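J.: Sharing a model that was predicted from the sequence below.
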Amino acid sequence: TKSTRPQRLLKAVQKHSTRGDPQSVISAIDHFCRHREWAMNVGDEKGSILDSVVSELNPEKVLELGTYCGYSTVRIARLLPPGARLITLEFNADYAAIARQVIAWAGLEDKVQLVEGASGDWIPRMKEHFGIETFDFVFLDHWKDRYLPDTKLMEDCGLLRKGTVLLADNVICPGVPDYLEYVRNSLSYKSCYFKSHLEYTKAEDGLEKSVFLG
Ligand SMILES: Cc1cc(-c2n[nH]c(CCNC(=O)c3cc(-c4ccc(F)cc4)cc(O)c3O)n2)ccn1
Ligand SMILES: [Mg+2]
């Protein structure tokens, strides 16, 4: 039967990158998505902005909502200090199966815990199931209609602390208007917009960085 796009992306990683070398995995995925088939990774342009936010923050506890094939998981995990942990949630079992292999190929499986399931179900279980107190950094890259409810859920579950940084992908395309309105007007957040482009295209998109003020 016909292969899926994530399966073809994984094949390209295994063919064109070096096992244990995260940068080569990132380059192989970007090359595949630019020259073979578009895929919804955060991409190289927004990925560089993600890198700078993570490098400046040096987070110990990271939550990623929306793994897809693990591209941004690899981008983040490769920058984390020893002992730091990244929990990433993926709803789609087929995407999760590919992402596990991409993360393992990059040699980052010791820093990453991939959980299959819906954000709304897992966020309330973070403390008791993973022993997490609060997150230092959250990358929102999942279903766009879940950014706002899940942010409120993280607040209610006490998963955010003074200084926790939320970075949201796709705030223009596909767009998250309700989330933007909330973090830009709430007295509990200090927000700023990083203008960029939708991965591998000329369409406008950007990342919104929001610091929780407690
Ligand atoms: C509920 C829940 C959900 C998840 C979850 N896991 N994986 C995802 C993927 C979500 N991502 C996207 O849909 C997405 C789409 C585009 C896009 C598509 C088509 C266009 F034409 C233009 C842009 C671009 C992007 O950059 C995206 O990130 N969600 C995990 C846990 N719980
Ligand atoms: Mg995205």
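T.: Here it is on my side, so go on. Numbering: from 1, shown residues only. Ligands and ions are numbered 1, 2, ... in the order given.

J.: What score does residue 41 have for pLDDT?
T.: Per-residue pLDDT puts residue 41 at 98.

J.: I figured it was touching residue 29, is that so?
T.: Yes - taking Cβ atoms under 8 Å as the definition, residue 41 is a contact partner of residue 29 at 6.0 Å. Any C-beta I mention is one placed from the backbone N, CA and C, and that applies to glycine too.

J.: residues touching the residue in the chain that ligand 2 sits nearest to, list them.
T.: Distances between the chain and ligand 2 by Cβ to the ion are smallest at residue 169, namely 3.7 Å. Counting by Cβ atoms under 8 Å, 6 or more residues apart in numbering, residue 169 touches 42, 46, 66, 72, 139-141, 205, 207.

J.: what residues do residue 41 and residue 29 have in common as contacts?
T.: Common contact partners of residue 41 and residue 29 (Cβ under 8 Å, 6+ apart): 69, 71.

J.: sorry, back to before: what's the closest non-adjacent residue to the residue of the chain closest to ligand 2?
T.: residue 141 (4.3 Å; Cβ to Cβ, 6 or more residues apart in numbering).

J.: What segments of this structure are helices?
T.: For the chain, the helices defined by DSSP state H cover 5-16, 22-35, 43-57, 71-77, 93-105, 119-122, 126-130, 147-156, 177-185.

J.: Ligand 1 is nearest to which of those?
T.: With Cβ to the nearest ligand atom as the criterion, ligand 1 lies closest to helix 119-122 of the helices of the chain, at 3.6 Å.

J.: which helices and strands does the closest one pack with?
T.: Judged by 3 or more Cβ pairs under 8 Å, 6 or more residues apart in numbering; DSSP states H and E, the packing partners of helix 119-122 are helix 147-156.

J.: quick one on the thing from earlier: mind putting the contacts of residue 169 in CSV, distance to ligand 2 and neighbour count included?
T.: Listed next are the contacts of residue 169 as CSV, based on distance: Cβ to the ion, whole Å; neighbours: other Cβ atoms under 10 Å:
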residue, distance to ligand 2, neighbour count
42, 5, 25
46, 8, 24
66, 7, 25
72, 8, 26
139, 9, 26
140, 9, 28
141, 4, 25
205, 8, 22
207, 9, 24
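
J.: how about the nearest residue to residue 149 once chain neighbours are set aside, what does it touch?
T.: Spatially, and ignoring its direct neighbours in sequence, residue 149 is nearest to residue 120 (7.0 Å; Cβ to Cβ, 6+ apart). Neighbouring residues of residue 120 by Cβ under 8 Å, 6+ apart: 146, 149-150, 153.

J.: got a winner among these for most neighbours?
T.: residue 150 (23 neighbours; other Cβ atoms under 10 Å).
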